[in-house]
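S.K.: Sequence isn't available, so here's the structure alone:
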């Protein structure tokens, strides 16, 4: 748990400097005056812990062994801002040639959309059986787009509306072709409602945030090809788990809209290890409709898009090896919500309410 503990200290400082929509918790040594560089980035101080020997000396600015960048993206540019409304979760094709996101059409119907590197948007599917598509993932070979649909309640209010919406709009996990077509049930059983999902680094498992059949917030693990899901963790401190990412050590990073820190700050990031043990990593995160979290294409650096009370946005980034934290201003992005990295390319993507952004590396 050493790495998780390092991040807990660093993220608390980043959230404090970020001016997120809920007041973040702070340790006695934290201040709101984090050092800021000319580019606007803030970094954490005070950690003298060095990476373990088996980390091979990777740092926040180096490339992963596979040649993919392991730090935060350096260039963010608008990719598309028409053909959809209320975008939330987003996923990338393994080669970074296209991106898939949950949104609504001009008539307010829920759907899954595709945008290519030219910015051309097309709808893969709109309407039933989708009710509230809450997350999107792509299979390791790129042949399937996976969709979690939380049903008649939004991911933000799922715990409140669970009983009322479960029967009429049960949601579920679906799969469809990257070329479009009707979503088909994916055959994952043993959970009540799915909010977030991600395929593991080794492509063997599907990690799912959501609720048990009794409406208890939980994180599940299921076979990547579908099948019965097992509970990794259920109940407190989870309240309304949403965006989820999993790293090469099978630590699940889980965003939660309504969980609160002891300070009262709402909007938390949790780390759940492979034994189901939960650590609070960050609080006071102004997450959007989805509440996304992703590692960089080469791993190592966690990236979270957040908003403040004035509608401004930034990326909170943290090195999961040494705990270094930075704030990356993204003034042109309004109400960011989802983020994802391509599995095999130096590309990330950020979804906001009204636009999709391409994030790359110089």
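M.R.: The structure has been received and is ready for your questions. Keep in mind that what you see is a predicted model, and the values were worked out from it rather than measured. Numbering: from 1, shown residues only.
S.K.: Correct me if wrong, but residue 203 is in a strand.
M.R.: No. Residue 203 sits outside any strand when classified using DSSP: H, G, I helix; E, B strand; the rest coil, being coil.
S.K.: list the contacts for it?
M.R.: Neighbour list for residue 203: 139, 140, 224 [criterion: Cβ atoms under 8 Å, 6 or more residues apart in numbering]. Heads up, the C-betas are built off the backbone N, CA and C, glycines and all.
S.K.: what are the phi and psi angles of the first one?
M.R.: The one in question is residue 139. Torsion angles at residue 139 (phi, psi; degrees, to the nearest 10) stand at phi -60, psi 160.
S.K.: quick one: it and residue 146 touch, right?
M.R.: Yes. In terms of Cβ atoms under 8 Å, residue 139 counts as a neighbour of residue 146; the distance is 6.7 Å.
S.K.: joint contacts of these two?
M.R.: Jointly contacting residue 139 and residue 146 under the rule Cβ under 8 Å, 6+ apart are residue 199.
S.K.: picking up where we left off before, could you dump the contacts of residue 203 into JSON lines with distance to residue 300 and pLDDT added?
M.R.: Shown next, in JSON lines, are the contacts of residue 203 (distance: Cβ to Cβ, whole Å; pLDDT from 0 to 100):
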{"residue": "139", "distance to residue 300": "23", "pLDDT": "97"}
{"residue": "140", "distance to residue 300": "20", "pLDDT": "96"}
{"residue": "224", "distance to residue 300": "23", "pLDDT": "96"}
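S.K.: tell me which of these is nearest to residue 276?
M.R.: Distance to residue 276 across those (Cβ to Cβ) is lowest for residue 224, with 19.6 Å.
S.K.: Next one: that closest one from residue 181, what distance?
M.R.: 21 Å (Cβ to Cβ, to the nearest Å).
S.K.: Settle it for me: which of those two has more neighbours?
M.R.: In this view residue 224 and residue 181 are compared by other Cβ atoms under 10 Å, and residue 224 has more residues nearby, 18 against 12.
S.K.: quick one, strands of the stretch 251-362 of the chain?
M.R.: In the stretch 251-362 of the chain, the segments counted as strands under DSSP state E, counting those that start in this stretch are 252-260, 266-272, 278-282, 294-295, 301-307, 313-319, 325-329, 336-341, 348-352, 356-360.
S.K.: and these, which one is worst for confidence?
M.R.: Comparing mean pLDDT across the strands of the stretch 251-362 of the chain, the weakest is strand 325-329, with a mean of 80.
S.K.: Could you list the paired strands of that one along with their orientation?
M.R.: Take DSSP bridges as the rule and strand 325-329 pairs in its sheet with strand 313-319 (antiparallel).
S.K.: for the strands of the stretch 251-362 of the chain, which one sits closest to residue 220?
M.R.: Closest to residue 220 of the strands of the stretch 251-362 of the chain is strand 252-260 (Cβ to Cβ; 9.9 Å).
S.K.: which outside residues touch that closest one?
M.R.: Counting by Cβ under 8 Å, 6+ apart, 155-156, 159, 196, 207, 209, 217, 219, 232, 237-247, 266-273, 281, 283, 285, 287, 291-293, 295, 302, 304 sit against strand 252-260.
S.K.: again, only using 6 Å
M.R.: Contact partners of strand 252-260, identified using Cβ atoms under 6 Å, 6 or more residues apart in numbering, comprise 156, 207, 209, 219, 237-246, 266, 268-272, 287, 291, 293.
S.K.: For the closest residue to residue 85 other than its chain neighbours, which residues are in contact?
M.R.: In space, and not counting its chain neighbours, residue 85 is closest to residue 104: 5.0 Å by Cβ to Cβ, 6 or more residues apart in numbering. Residue 104 is in contact with 85, 86, 110, counting by Cβ under 6 Å, 6+ apart.
S.K.: what does residue 351 give?
M.R.: Taking Cβ under 6 Å, 6+ apart, one finds 87, 90, 101, 337, 338 in contact with residue 351.
S.K.: Mind doing that once more with 10 Å?
M.R.: 79, 84, 87-91, 99, 101-103, 115, 136, 288-290, 292, 305, 333, 335-340, 357 (Cβ atoms under 10 Å, 6 or more residues apart in numbering).
S.K.: Now name the helix or strand holding the closest residue in space to residue 253 that isn't next to it in sequence.
M.R.: Spatial nearest neighbour of residue 253, excluding adjacent residues (Cβ to Cβ, 6+ apart): residue 245 at 4.7 Å. Secondary structure from DSSP states H and E places residue 245 in strand 241-246.
S.K.: Okay, angle between that strand and strand 301-307 too, please.
M.R.: 160 degrees (axes from the mean of the first three to the mean of the last three Cα atoms, to 10 degrees).
S.K.: okay, the angle between strand 241-246 and strand 266-272?
M.R.: Angle between the axes of strand 241-246 and strand 266-272 is 30 degrees (criterion: the same axes, to 10 degrees).
S.K.: Strands of the stretch 101-250 of the chain, start to end?
M.R.: Using DSSP E, counting those that start in this stretch, the strands found in the stretch 101-250 of the chain span residues 110-116, 121-126, 133-138, 145-149, 172-176, 184-185, 188-189, 193-199, 205-211, 217-223, 227-228, 230-234, 241-246.
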